[in-house]
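K.L.:
okay, here's the prediction I keep looking at, along with the sequence it came from:
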Amino acid sequence: MPGFRKHARPLAFLVALICVVPTMSAFGAPGSSDPAQDPPSAAEMEDALTRMAALAKEEKWRELVDQFKDVDFSAWPRAGDAFYYRGVAYMGLENAANAERDLKTSLEHSPKEGWFWYNLGQLYRRQLKKDVEAAEAYKKAAALEDKIGWMPVSATLAAVEIRLSRVEPDAALQVLRQYTEEDLKNLSGSQRSRLLQAYGRTYAAQGREAEAWAAFRGKLTPESERSDETK
Amino acid sequence: MIVTALGIGLRVHGAEDGSRLLAGTSRVDITPDDSFISAKGESWRLPDSAGRPGVKKVPPKNIHDPIFARVLVLKNDQTSLAIVSADLIIFSSKKIITEAREKWGIEHVILSATHTHSSMIPRGLCPTGARRSWGWDYVKDDPGVTVDWPGLSEDPWYAEMEAKVVAAIGEAAENMFPARIAAGIGPFESAYMAHNRRRVDADGTVHDMWDNPNRLPTQPVDPTLGVIQVNDAAGKPRAFMVNYACHPVGMASSGLLSRDFPGAMVDYLEEQLGDQCTAMFLQGAEGDQDPYDMGFHDEHGYNLMRQGGISLAKGALRIARTMESKQDGKGSSLEIRKDIVKLPHRLGNKVTDACVMTVVINKALALVTIPGEIFVQHQINLRQKSPIANTFLLGVAYCGQGSPFLIYIPTVKAAREGGYGADVNRCSFVSGDAGDRLVNAAASAIKDLFAK
């Protein structure tokens, strides 16, 4: 990695990176035809991704976009990550159209990244107001990640909320059923509680009172068969 | 004789019985038409934009489901009674009661509001200068004095509603049939309602817990519901009434006009029992009772409200299967009494006259009307004091005498603790023991009528 020590101290690393990053727009930027500009090396691309991650972590969306807006990441080894970071930055700037373009491109490169799907869901739900697309994205996000974790639980709950708001309790239940009673036992108390409440709301929306009560009271199995006379 | 939800097994004894019971039913749409809502705007929905001083009251933007008044008239040689259940927050029209007597000879009328919070209110019902549409908080006095009740009829929609209800009582009274009545009370616990919205902490602090999405246990609640079924000579159900205590507030502040869960309940019952059956919701002691879910002003919220109504209907049908009519072949008894109860105010020396109407039918069913939002513990207490198991308290129900509306009627304990509906600054002007006074008067009346 020319010019960089592998274990540079963070400050030195950032200073060095800043020296490089302003030239990022030459990294295969669309329309760039200057033969004198060499494509970035693998190391430079990796460093740029590290930089993007750092900016994203600090929510410096404007800075991230300014530095990478003209870069075509398509040929990068980790193109999915790069498009993702920039897409998230556009989300932070509420540039929904660019965010959607980048996030969808990121998923073309990395279709099995749950967090990419999750943020696409967030974009659809919060900014583009496309509930159905959001629910689908959340569902994929949850399915791709280990069930024990904040994101898959949050994605599942968001998808359920959308389906219920559309009075589609069957679809909501289909999403929820990714979490079996056995799965729930492995979750933290708060996560388990949130999912059981969602089960309760979903059953209530279906008119399945016994199941709803059981879920609200911390169980998935119905306490009795008393409530639904149509059975 | 078992009365089933389908009326199987019911026999009605002959017309030769000296005090045979006759019944008639009707229903009338009291929804203001679109042009009225959009153009005239004389009446208002409940509530308007809450908490913003000076915000102009506006009529409903949309009609989610139409509002109705539903009527059951009962008559025998002794007397006659009309029970009207209307999809209104308050339904205290002396004009209707007077005209029902003058035009149709109905001696007694119960006007029962379902208490839906997403319906119409007449101009002039809300206290003048109130910061909120429902600003009884700021009055601290008897609405029987502060509201110009006859003047409400100056509101065109309200006047039209009153005329429609009088006509509906007439329609029921003119189309009577030999009837048999049965009543029952049974357990009802639902995933939709109800919880006690006054959360009292160990240190005595009271919190408003309007909704309860996690279904936390609360007290007191009354996990029962009461059912009254009236069948005709052919054994067909013609009227089916459900008495339950819970605020219909699932669609409150939605800007929509709706009957809320009582509407979903009657729709389901009429679907199950047939077109000829008029289903009615008789609000109970809902003063401190709310549904678990509130504030979902989307299709999910409307669906939950609907499911809540269906749940109530199913619960009532289950109870109806076990009901037994006490009406024998010799006829019926219909005893009615009105008692004026003096209620001191908590502040000052004023006293309000409240009327408790007590109806005892066949010595097997007791109805008690209270013209206010009484706390549910009083409903439980009344049943314990009554010699009749099927004793149903009708809150927010007016019989034509005394104050038309007492606002909230807490328990002594709740009045001491405070909180919404109990604190004198929060919609409760009567003395802490007002509920006990009313319940004792009703229990005494039931005992007297039962012993006759």
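P.N.:
Yep, it's here.

K.L.:
excluding sequence neighbours, find me the nearest residue to the residue of the stretch 51-200 of chain B found nearest chain A.
P.N.:
Residue nearest to chain A within the stretch 51-200 of chain B: residue B:191 (4.0 Å; C-beta to the nearest C-beta). C-beta here means a position set from N, CA and C on the backbone, and glycine is covered the same way. Distances taken as C-beta to C-beta, 6 or more residues apart in numbering or on different chains place residue A:212 nearest to residue B:191, at 4.0 Å, with adjacent residues excluded.

K.L.:
which SSE is the residue of the stretch 51-200 of chain B closest to chain A in?
P.N.:
Using DSSP states H and E, residue B:191 is not contained in any helix or strand.

K.L.:
what helices or strands is the helix or strand that contains the residue nearest to residue B:191 leaning on?
P.N.:
Here residue A:212 sits within helix A:209-216, counting by DSSP H and E. Helices and strands touching helix A:209-216, by 3 or more C-beta pairs under 8 Å, 6 or more residues apart in numbering or on different chains; DSSP states H and E, are helix A:189-206.

K.L.:
using the three-state scheme, assign residue A:159.
P.N.:
helix (DSSP: H, G, I helix; E, B strand; the rest coil).

K.L.:
now do it against residue A:194, distance only.
P.N.:
13 Å (C-beta to C-beta, to the nearest Å).

K.L.:
more neighbours, those two?
P.N.:
residue A:159 (29 against 16; other C-beta atoms under 10 Å in any protein chain shown).

K.L.:
nearest spatial neighbour of the more buried one, chain-adjacent residues omitted?
P.N.:
Nearest one to residue A:159, counting by C-beta to C-beta, 6+ apart, is residue A:138 at 3.8 Å.

K.L.:
show residues contacting the helix or strand hosting the one you found.
P.N.:
According to DSSP H and E, residue A:138 maps onto helix A:131-144. Contacts to helix A:131-144, defined as C-beta atoms under 8 Å, 6 or more residues apart in numbering or on different chains, come from residues A:112-118, A:120-125, A:151-153, A:155-156, A:158-159, A:162-163, A:165-166, A:171, A:175, A:178.

K.L.:
and residue B:63, how many neighbours?
P.N.:
Neighbours around residue B:63, by other C-beta under 10 Å: 15.

K.L.:
where does the stretch 251-400 of chain B dip in pLDDT?
P.N.:
B:329-330 (pLDDT under 70).

K.L.:
go again using 90 as the cut-off
P.N.:
B:251-258, B:275, B:295-299, B:324-331 (pLDDT under 90).

K.L.:
do the same with chain A
P.N.:
A:1-42, A:145-149, A:180-182, A:185, A:189-190, A:218-231.

K.L.:
how does it divide into domains?
P.N.:
For chain A, the structural domains run A:7-111, A:143-231, going by automatic domain parsing.

K.L.:
the stretch 151-300 of chain B: strands as residue ranges?
P.N.:
Per DSSP state E, counting those that start in this stretch, the stretch 151-300 of chain B carries strands over the ranges B:177-178, B:180-187, B:193-196, B:198-200, B:206-208, B:224-231, B:237-244, B:256-257, B:278-283, B:289-291.

K.L.:
among the domains of chain A, which is the most enclosed?
P.N.:
Across the domains of chain A, averaging neighbours per residue (mean count of other C-beta atoms under 10 Å in any protein chain shown) puts domain A:143-231 on top, at a mean of 18.

K.L.:
thank you, goodbye.
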